[in-house]
Each structure stands twice: as structure tokens, then as C-alpha cells.
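1. Take a look and give me a structure for this.
(chains A and B)
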Amino acid sequence: GAGVSQSPSNKVTEKGKDVELRCDPISGHTALYWYRQSLGQGLEFLIYFQGNSAPDKSGLPSDRFSAERTGGSVSTLTIQRTQQEDSAVYLCASSFKVDDWKLFFGSGTQLSVL
Amino acid sequence: AQKVTQAQTEISVVEKEDVTLDCVYETRDTTYYLFWYKQPPSGELVFLIRRNSFDEQNEISGRYSWNFQKSTSSFNFTITASQVVDSAVYFCALSEARRGTYKYIFGTGTRLKVLA
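-> Have a look, this model is predicted:
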């Protein structure tokens, strides 16, 4: 695609429910990153993929968070048993390769946990 | 440990003023990359610049300039003759390029408001 696409753009859910956030990177980009942006907290690294592998998942806050990438393209970030503190904007970014040193970001998914 | 500090939470300037956004980083590596990204009100972060640790030359791109000083671990960003369209949140970031991980560490951002 022309840019990084994320869906949904907004998600409101009830505490305890599971949610799936989707990221479609730019076609041909092998590296894919997930970040979380909370008010006043900057961008918090969650995980990155090189192809379908996740060399660094050190930023996932708890075992309620997981992510996968299939076919070297689409990635899904899953949050199980959502909590109110999970409310944030979840950003996805991609780059042609990991040492390209230039990220292209999507517009994010605003997650609100009630 | 890696860390990026942007001490200025919010800056307001009047159009045509010059403004400098500060960025201080911490790293134990000798090889690393520094970045600036712009997040306009529309939300998508946009890449502005990348510098590697071996290149301390300052860079100028139009009204934008960057001052990289390893001695003070700083990578400051200056906008000359600011315009309303420069209003955005600006993030500084660091990547250490260690074997096995290519994650980026971002600062908390500086919100710049340029008033007409």
C-alpha cells in the first residue's frame, strides 16, 4: 500500500475483553514495529519484527500482550483481558529493512478501555 | 542503558521567531543513530533526520538545522523563522544498532506551538 495502514482507528472496549489491533505495513517493508503512545509518556517500544520473527519483544508490558506477523506482511497486536491502563494510542511503523534507519508510521489505533 | 531526554514539554513562539528543541541522550555504545520525528496534529509521525555517531557535522535543511555534539551527548534541533505549520510534537530518538536488536528509544516529545 501507499502507507502504513492501521485498523481500527478507534476501539472502545470494556475492561476484561480481548482486542486485536491490525497493522498493514508498506509493501516490501521487512521490518515492522509496534509502539504505544500514552499522554505525556512519549513513545514506548513494544516489539519489532524482522520478517515474521520477533528478535526483540522486550517492551511488551505483560503476558496479556502478544503480537504476530504472517507472510512477512500484516501484523496483529493482541491484548487479552484489557485493563484501563492499556488505554493509549498504539502505533505501528515499518521500514524497508531493520538497518534502513527510517521508520514510516501509521496513524495509530486509539484504544479506550472503559 | 539507553535513554533520551527532552526536557522541554511545551514551547510557544510567535511566528518568525527562531526556536531550539533540546535532546540529550544516554548510551554506552560507540555506534548509534539519532533521529528527529515530527508528529503534526493529524497524528502520523514523519521522519526528519538521521545521524550516525561517527558523523558530528551539523546539518541544515532549509529552515531546519541540527547540532550534534558528542561531548555533551546532545542532538538539538533548531527551526529558523518558525511558521504556524511547524506546530507539532517533535520527538528525538536513539537506536544503538546492537547485534540482535534494532529498536528505537524515543524521548517524551516537545510540543511546539507557533502563534500567528
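
2. who does residue 21 bridge with?
-> All of this refers to chain A. The bridge-partner assignment for A:Leu21, based on DSSP bridges, gives A:Leu77.

3. meant chain B, my bad for not saying
-> B:Phe77.

4. Can you tell me the number of residues neighbouring A:Ser27?
-> Neighbourhood size, A:Ser27 [other CB atoms under 10 Å in any protein chain shown]: 9. Placement of C-beta: from N, CA and C, glycine included.

5. how about it, secondary structure?
-> Under DSSP: H, G, I helix; E, B strand; the rest coil, the three-state class of A:Ser27 is coil.

6. where along chain B do the strands fall?
-> Taking DSSP state E as the criterion, chain B contains strands spanning B:3-5, B:10-14, B:19-21, B:24-26, B:33-39, B:46-52, B:59-61, B:64-69, B:74-79, B:88-95, B:105-106, B:110-115.

7. And those: which comes nearest A:Ala2?
-> Across the strands of chain B, A:Ala2 has its closest neighbour in strand B:46-52 (14.5 Å, CB to CB).

8. Turn the strands of chain B into a markdown table, including mean neighbour count.
-> Converted to a markdown table, the strands of chain B look like this (neighbours: other CB atoms under 10 Å in any protein chain shown):
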| stretch | mean neighbour count |
| --- | --- |
| strand B:3-5 | 17 |
| strand B:10-14 | 13 |
| strand B:19-21 | 18 |
| strand B:24-26 | 16 |
| strand B:33-39 | 21 |
| strand B:46-52 | 16 |
| strand B:59-61 | 11 |
| strand B:64-69 | 16 |
| strand B:74-79 | 19 |
| strand B:88-95 | 24 |
| strand B:105-106 | 22 |
| strand B:110-115 | 17 |
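
9. Lowest-scoring secondary structure element of chain B by mean pLDDT?
-> In chain B, no helix or strand scores lower on mean pLDDT, DSSP states H and E than strand B:59-61, which sits at a mean of 89.

10. Sheet partners, orientation included, of it?
-> Take DSSP bridges as the rule and strand B:59-61 pairs in its sheet with strand B:64-69 (antiparallel).

11. burial count for B:Arg28?
-> 8.

12. Run through the residues that contact it.
-> B:Arg28 is in contact with B:Ala1, counting by CB atoms under 8 Å, 6 or more residues apart in numbering or on different chains.

13. residues in contact with the closest residue to B:Ala81 other than its chain neighbours?
-> Nearest non-adjacent residue to B:Ala81, counting by CB to CB, 6 or more residues apart in numbering or on different chains: B:Lys16, 5.2 Å away. Contacts for B:Lys16 were tallied using CB under 8 Å, 6+ apart; they are B:Ala81, B:Ser82, B:Gln83.
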